[in-house]
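Undergrad: sequence and predicted structure are below.
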Amino acid sequence: MSETSLVILIIPVFIVCFVLFWSLIVLLISRLAGWAELARQYPARGPATGRTFAMRSARFGLLGSYRNCLTVTLSLAGIHMQPMIVFRMGHPPLLIPWTAIVSLSRRDVMFSPAARLKVKDAETGGVKEITFYGGALVEALEAHARTYKIDQE
């Protein structure tokens, strides 16, 4: 086998292996962070309509950090979230209804406002925490919390 044919063979094998490895990592993140469980409980059933915030950051619990890769839309129905296309494996869009949000607390993290939401776990009765980062999004979440009479700590 010549060097040229070996390179021609290695490139497609590398691409396939990289895509499979990337997909596995992203799928694992969705399971560990809790996205998959929330999406099962609160699936989005259509396109999002409302005020949209692109390239936003959020943290799901302790393990799920989504930095600058989420599109968050605040609508009358709730909070619609969807990651960038390269992170969608195992991350179906989700829509958390306002009625599922137990409380919202605001805090500053490194001079940036953050809003920590406590979301009802419909199956266990417990709560899951999601923290959103960024001034405009945090302010919009607070405004919706007042509108829907969500407990603000």
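TA: Perfect, I can see it now. Numbers count the residues shown, from 1 in each chain.

Undergrad: can you read off the pLDDT for the closest residue to residue 61 other than its chain neighbours?
TA: Nearest residue to residue 61, sequence neighbours excluded (C-beta to C-beta, 6 or more residues apart in numbering): residue 34, at 5.4 Å. Quick note: C-beta positions are derived from backbone N, CA and C, even for glycine. Predicted confidence (pLDDT) at residue 34: the value is 92.

Undergrad: so residue 34 is in contact with residue 127, correct?
TA: No. The pair residue 34 / residue 127 is not scored as a contact, 11.2 Å apart, by C-beta atoms under 8 Å.

Undergrad: with neighbour numbers in mind, choose between those two.
TA: Taking other C-beta atoms under 10 Å, residue 34 and residue 127 do not tie; residue 34 has more neighbours (19 against 14).

Undergrad: which residues touch that one?
TA: 60, 61, 64, 128 (C-beta atoms under 8 Å, 6 or more residues apart in numbering).

Undergrad: and which of those is nearest residue 76?
TA: residue 128 (22.3 Å; C-beta to C-beta).

Undergrad: for the closest one, give its distance to residue 21.
TA: 28 Å (C-beta to C-beta, to the nearest Å).

Undergrad: residue 4 too?
TA: Residue 4 is 26 Å from residue 21, by C-beta to C-beta.

Undergrad: what do you get for residue 71?
TA: From residue 71 across to residue 21, the span is 25 Å (C-beta to C-beta).

Undergrad: likewise for residue 56?
TA: 26 Å.

Undergrad: excluding its backbone neighbours, what's nearest residue 76?
TA: Leaving aside its chain neighbours, residue 76 sits nearest to residue 50 (7.0 Å; criterion: C-beta to C-beta, 6+ apart).
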